[in-house]
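>>> here are the coordinates; sequence isn't available:
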């Protein structure tokens, strides 16, 4: 049997070149979804294959990689993806946000500010912000081309009419560089303000949907809202029960059958750094 | 030759001899035993039991072998055997909260009472082909988990955050014994989905995730393990345990819903199947929730929300039968069409010539 021999970071060089071209185009047109010929990856589609392909395409032997899921380095899928790159690329990894040159993430942006020397790679399930308003790609591409975003505002307005507020808590749509409405991936809307004017390059990879898009450093990103219903952030009554932070996004942990709950930082690196300083 | 339709009997006998020869394959290679199939192709066996609607590993293994590994054919064989069995009665409803857990995960909470238990899963394996995958000695798993792990959705129910799961007051119907009609009650719908084709339900479930009838799902809890089956014999009058079955259960937490008199609550979708059948149970739960669109006052616009469309086409034994029946001779009907087409063409040519 001919066992395959894998290249550095699994993908072959032609594939990486194709992905890099898509990334360059995405950087040139912030917020625009660039189609690319996504490959099968050795993990299931929908589990981060877009992010993994972007990371594989930009990874160099000198990089230090951090992988998080739900803000934590020790979640199963983050562990799995980190091990994949250790195995196929032999690169250094870290859990410290400031030590990483590439951070691949699912559902969070780290609490610590990022720098110009870093790239944040998002795993994206559904890249199209209009998808749940219009299921057909032929239609949504036209809507983007014509800047036809009325349906999105109507959706947000209907939320207000029904619930008294915009009932979108994650995957919160935003306008990039005054042109494209984009889907920031299912990060909590708490993280949306970190997207705009960020020092790091932010790349978004959707493998199953075969799309790549980007926010170059220092891009304007505005979360959609209304003058009388401005965009607001989630907040908690109590600080993190481990590190005491009032500024971070908190996870709810169920402690026992009686339903006792505990709220702690979702960003495990941020939380442990604060504990070490205390 | 197909043209010699009258020579059918000899042709069929010859085809069957050829089939058994091809089924056996190279006779210098040892024949597969039923123990090997039921013990090593376990998930295939589980699927045949599920869609064949019969909990019998040995019978499912035999069906797989006889069907040359074609699972739909095996499911067909299992169904054909099942339908001949006499009914002694119906068991008590199984209690999945008393399951002896082997795997149990929740995507809704980071940690849950009793813990997240990964169990034997492909989930975090890297799909790298490895000819030596079975050369590393099998690890000895240290598993002794308690029974009665609390249901994750029960925790939300206690807070009123999700719709209550109400025990049914009526005896569930049996879609294999009584005729059904639309609209279907949920018990019949769930039975039909449990027997439904994994691939069909998977694709429908996927379509709801891509905007065709979105339900905002979270995998509230997926659990796999053994539950006891109880039966009340008439002469005893109280339930006794008659055996154990392996089940996979998926409880989805979906899009919240409120009304003028009800504060908003999450809604739920439910999936259950024999053996380890996570993909099927999850797809079933998503489609179950989509099919509740009418009941929950949602607009029904997508295929996965259309009960008649989904239920009428989810059974792969029915589907394969009718699609493949096109192989049967249709020459009488076809002759009628041929005659008509020739006549229409002659008329059309005549009209054209007259016009010129």
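Looks like it came in fine. These figures come from a predicted structure and were not determined experimentally.
>>> who in chain B is up against chain A?
B:109-113, B:118, B:123-124, B:126-131, B:150, B:152, B:155, B:158-159, B:209-212, B:214, B:258, B:264, B:302 (CB under 8 Å from any CB of the partner chain). All C-beta atoms are positioned from the backbone trio N, CA, C, and that covers glycine.
>>> is the nearest residue to residue A:238 once chain neighbours are set aside in a bridge, and if so with what?
Spatially, and ignoring its direct neighbours in sequence, residue A:238 is nearest to residue A:263 (6.2 Å; CB to CB, 6 or more residues apart in numbering or on different chains). Counting by DSSP bridges, residue A:263 is bridged to residue A:252.
>>> residues near residue A:263, how many?
16 (other CB atoms under 10 Å in any protein chain shown).
>>> Please report the distance of it from chain B.
11 Å (CB to the nearest CB, to the nearest Å).
>>> Would you confirm that that residue contacts residue A:244?
No. Contact between residue A:263 and residue A:244 fails when scored by CB atoms under 8 Å: they sit 11.3 Å apart.
>>> Stretch B:81-90: which residues count as buried?
Within stretch B:81-90, the residues that count as buried by 16 or more other CB atoms under 10 Å in any protein chain shown are residue B:81.
>>> Can you select the buried ones from the residues of chain B next to chain A in PyMOL?
Selecting the buried subset of the residues of chain B next to chain A in PyMOL, with 16+ other CB under 10 Å as the burial test, is done by:
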select buried, chain B and resi 109+110+112+113+123+150+152+155+209+210+211+212+214+302
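>>> all strands of chain A, in order?
A:34-35, A:64-69, A:92-93, A:102-106, A:119-123, A:174-176, A:180-182, A:201-206, A:211-215, A:221-223, A:250-254, A:261-265 (DSSP state E).
>>> burial measure for the nearest residue to residue B:111 once chain neighbours are set aside, as a count.
Once flanking residues are discounted, residue B:111 sits nearest to residue A:253: 5.0 Å by CB to CB, 6+ apart. Residue A:253: 15 surrounding residues under other CB under 10 Å.
>>> next one: residue B:69
Residue B:69: 14 surrounding residues under other CB under 10 Å.
>>> What of residue B:288?
With other CB under 10 Å as criterion, residue B:288 counts 26.
>>> Now for residue A:37: which residues touch it?
A:18, A:210 (CB atoms under 8 Å, 6 or more residues apart in numbering or on different chains).
>>> ditto for residue B:55
When contacts are counted by CB under 8 Å, 6+ apart, residue B:55 touches B:49, B:245, B:274.
>>> Low-confidence regions, the chain specifically.
Since you didn't name a chain, this refers to chain A. A:1-4 (pLDDT under 70).
>>> oops, chain B please
Low-confidence segments of chain B (pLDDT under 70): B:1-7, B:136-143.
>>> returning to that earlier point: if we only consider the contacts of residue B:55, which is nearest to residue B:281?
Nearest to residue B:281 out of the contacts of residue B:55 is residue B:274 (CB to CB; 10.0 Å).
>>> Pretty sure the closest one sits against residue B:229.
No. With contacts counted by CB under 8 Å, residue B:274 stays clear of residue B:229, the gap being 11.6 Å.
>>> Need the overlap of contacts for the two.
residue B:245.
>>> Give the buried residues for the longest strand along chain B.
Scanning chain B for the strand with the most residues, using DSSP E, yields strand B:240-257. Neighbour counts over strand B:240-257 (16+ other CB under 10 Å) mark B:246, B:247, B:248, B:249, B:250, B:251, B:252, B:253, B:254, B:256 as buried.
>>> Contact partners for the third one?
Taking CB under 8 Å, 6+ apart as the criterion, residue B:248 is in contact with B:222-224, B:271-278, B:280-281.
>>> what do you get for the fifth one?
Residue B:250 makes contact with B:219, B:221, B:222, B:270, B:271, B:272, B:278, B:281, B:282, B:284, B:285, according to CB under 8 Å, 6+ apart.
>>> how does it look with 7 Å?
B:219, B:222, B:271, B:281, B:282, B:285 (CB atoms under 7 Å, 6 or more residues apart in numbering or on different chains).
>>> need those residues in TSV with neighbour count and secondary structure, can you?
Converted to TSV, the contacts of residue B:250 look like this (neighbours: other CB atoms under 10 Å in any protein chain shown; DSSP: H, G, I helix; E, B strand; the rest coil):
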residue	neighbour count	secondary structure
B:219	18	strand
B:222	22	strand
B:271	28	strand
B:281	29	helix
B:282	21	helix
B:285	30	helix
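>>> tell me which residues in stretch A:71-90 are buried?
Buried residues in stretch A:71-90 (16+ other CB under 10 Å): A:71-73, A:75, A:77-78, A:80-82, A:84-85, A:88-89.
>>> now, which of those residues lie close to chain B?
A:77, A:80, A:84 (CB under 7 Å from any CB of the partner chain).
>>> Skip the chain neighbours and tell me the closest residue to the second one.
Setting aside the residues directly before and after it, residue A:80 is nearest to residue B:124 in space (CB to CB, 6+ apart), at 4.1 Å.
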